[in-house]
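Novice: Got a predicted structure here, sequence first:
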Amino acid sequence: MTEELTKKAAEMLLQGATLLSEPCPYCAGVRVMKEGQALCISCGKQPEKKEISVENQPNEASSIEKTFEKKLESLSKELEQEKDHEKQQNILKTINTLLETIEKMKGKQ
Ligand SMILES: [Zn+2]
């Protein structure tokens, strides 16, 4: 048990974490659990939630991206047909915001 891990476990317990009755699958050590995340006090591994979220995130991001891209397509068609200058400006603003969001999401990956 390293000092750093003990400290972290103590902090987690102070923040409302609970001790897990099931031992660590890697070293059979004691684990503390907070917000669905289990931390082993002996080896420091956090197997539970991490793996699941890493697997799910890319799929989610790409489907959101697709939604944005579809929206972008329909917006550019709208812009083509729009004669009102003010409405054109509004559509352009929305397109800009969408593009910025897509860029941000791509930068994260
Ligand atoms: Zn362990």
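Specialist: That came through, no problem. Just so you know, these numbers come straight off a predicted model, no measurement behind them.

Novice: All the helices of the protein, residue numbers only.
Specialist: For the chain, the helices defined by DSSP state H occupy 3-14, 48-81, 85-108.

Novice: Make TSV out of the ones you listed and add distance to the ion and mean neighbour count.
Specialist: Quick note: C-beta positions are derived from backbone N, CA and C, even for glycine. Formatted as TSV, those follow (distance: least, C-beta to the ion, whole Å; neighbours: other C-beta atoms under 10 Å):
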stretch	distance to the ion	mean neighbour count
helix 3-14	10	13
helix 48-81	12	12
helix 85-108	30	12
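
Novice: Residue 22 is nearest to which of those helices?
Specialist: Within the helices of the chain, the stretch nearest residue 22 is helix 48-81; the backing value is 10.4 Å (C-beta to C-beta).

Novice: picking that back up, looking at the helices of the chain, which one has the lowest mean pLDDT?
Specialist: Within the helices of the chain, the least confident segment by mean pLDDT turns out to be helix 48-81, at a mean of 70.

Novice: list the contacts for residue 13?
Specialist: Contacts here follow C-beta atoms under 8 Å, 6 or more residues apart in numbering; on that basis residue 13 touches 19, 32.
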